[in-house]
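[1] Test case, fold it:
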Amino acid sequence: MKKLILICGILTVCFSCSNSSTNSDVNDTTVYEEIKIIDYSADTSKKTLCDRIKEDVAAKRHTVIMFTATWCGPCKAFKKTLRDKLMQKTFANTTLIMVDIDDDNAGEGIGLQNGVTAVPTFLKVNEKCDVLKKITSAAWEEDDAESIAPVMKEFIEK
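    Numbering: from 1, shown residues only. Here you go, the predicted structure:
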C-alpha cells in the first residue's frame, strides 16, 4: 500500500511538472538567450509600437513584429520552437514583438495598414518603423525548428 501511494505521488509530481512547462506561454517580456520577446498586447509601459521599435534598433537589435492569436495553432507551435537552441541562434540579437490581432488597440492598426490577413505574419521593420519585409508561416513546411530556422534566418538577416 505504501509503495502504491509513493508511486502515485511520484506520477502526480511528474505529470504536474510536464503540464506546467508545456502550458506556459511567453510572458510580457521574455528573454531566451539573445532573443528578446515582448508581448505588446500585454505591455503596460504605454510605449507605442514605433517607440519600442526605435529603442531596439538604437540598441543594434533586429526587430521583427509577429502578429499572432491565442486560438492560432501555428502561432502556438512557433512560440514553442523559440525554446529550441537552433531558433535561439537564429533569433540572436533580435527583438520579437508579438501583437495579438484580437486585441483592438495592440497593433495601432499596423496589421491592417500592412495587409496582415493571416497569422502568424512577421514584419521586419527599420528605425523609422517602415516595413522592410513580410512573411507568413506558409514560408516553411513544418512547424518545427528545423523547418522554421533557415527561413527566418534569411528573413531577419537580409
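[2] Next, please give the residue ranges for the strands of this protein.
    29-32, 35-39, 62-68, 94-100, 121-125, 131-136 (DSSP state E).
[3] State the pLDDT value of the residue positioned nearest the centre of the chain.
    Here the mean C-alpha position of the chain is nearest to the C-alpha of K79 (Cα atoms, centre = their mean), at a distance of 5.0 Å. K79 is assigned 96 on the pLDDT scale.
[4] The one 5 residues further on too?
    With respect to pLDDT, D84 has a value of 95.
[5] so what's it closest to, chain neighbours aside?
    Leaving aside its sequence neighbours, D84 sits nearest to A145 (Cβ to Cβ, 6 or more residues apart in numbering; 3.9 Å). Bear in mind the C-beta positions are built from the backbone N, C-alpha and C, glycine included.
[6] Ok, E146 next?
    L86 (6.9 Å).
[7] mind checking how far the one you found is from I37?
    According to Cβ to Cβ, to the nearest Å, L86 stands 16 Å off from I37.
[8] In terms of neighbours, single out the busier of the two.
    The neighbour comparison of L86 against I37 (other Cβ atoms under 10 Å) goes to I37, with 20 against 15.
[9] how near is that one to Q113?
    Taking Cβ to Cβ, one finds I37 at 23 Å from Q113.
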